[in-house]
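# sequence plus predicted model, see below.
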Amino acid sequence: VSLRYPSFERWLASRSANFRSNARRNLSRFREAGGSSRLSTPATLADDIELFIELHRTRWQELTARGAGESRLLALGDRLPRLLRELGDALLTADRFHLRILEVRGRPVGAELSIAAGGEIDTVNYGWDGRFRRASPLAVGLLERIDEGIRRGEHRMSLGRSLSRFKLGFADGRAPVTRSVVVPVGAGLPAALARAAPQVARRRLRDTARRVLSEQHFEALRAANTRTRNAIARKGPAVERGDPN
């Protein structure tokens, strides 16, 4: 989403009449429900990280039930809160770590995390309580983040790596993501190449699948791949013990 506008209202005016109507309705509905939002501070960071993880888990319980696979963040287990705390401690005071908590009458209903640097805002992830879907916390959080980014003078906001109809409704462009693998030249070059080649191949296969498959088919394929890896991991110890099953 391009943020090169003098104000949020000018950005909103650049969108279609249908988008403007939906955006204003979502904002109005959220406020009428008693909604408010805030950004984490050093004093609230620890509690807000717990809220974010819980709301993210709530969201993914619903997605997993529909066959969408598993959350990569939640797969980190106990490492996730430590990782987020380290990021927050390092970046919050520099105004680069943005953890927004959305509440309805004091009850947390949504949370979204983004990182800002070099004029860019990158969406890390989000979560919400599906029982408050009518209050549209996800849409409201995104609109407020756009407003904030424009006021801060940011240039662009990434909506994350996955595609969805919701994100495409906000997006006004696509930018390619490039990766480079640097392998130092030396006596260990053959071994380094042997380690790097499978990773590069997997990434290229994944990126190709993402380009040619619909989101539904890609997520189904990823979920099947996750189930296969988990099944192999569970069978590993049994094979080592000589268990025929």
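Yep, it's here. None of the values given here were measured: they were computed from a predicted structure.
# the lengthiest helix in the chain: which residues count as buried?
As assigned by DSSP state H, the longest helix anywhere in the chain is helix 215-240. Residues of helix 215-240 classed as buried: 218-219, 222-223 (neighbour count, 16 or more other Cβ atoms under 10 Å). Heads up, the C-betas are built off the backbone N, CA and C, glycines and all.
# lowest pLDDT pick from these?
Within those, residue 218 has the lowest pLDDT, namely 72.
# is that residue in contact with residue 209, as I believe?
Yes. If you go by Cβ atoms under 8 Å, residue 218 and residue 209 touch, sitting 5.9 Å apart.
# gap between the helix or strand in which residue 47 is found and the chain center?
In the assignment (DSSP states H and E), residue 47 maps to helix 45-65. Centroid displacement of helix 45-65 relative to its chain, using Cα atoms, centre = their mean, to the nearest Å, is 12 Å.
# helix, strand, or coil at the residue most central in space within the chain?
Nearest to the mean C-alpha position of the chain, by Cα atoms, centre = their mean, lies residue 125 at 2.4 Å. What DSSP: H, G, I helix; E, B strand; the rest coil gives for residue 125 is strand.
# other SSEs contacting the longest strand anywhere in the chain?
Scanning the chain for the strand with the most residues, using DSSP state E, yields strand 107-117. In terms of contacts (3 or more Cβ pairs under 8 Å, 6 or more residues apart in numbering; DSSP states H and E), strand 107-117 is packed against helix 45-65, helix 79-91, strand 97-104, strand 120-128, helix 137-152.
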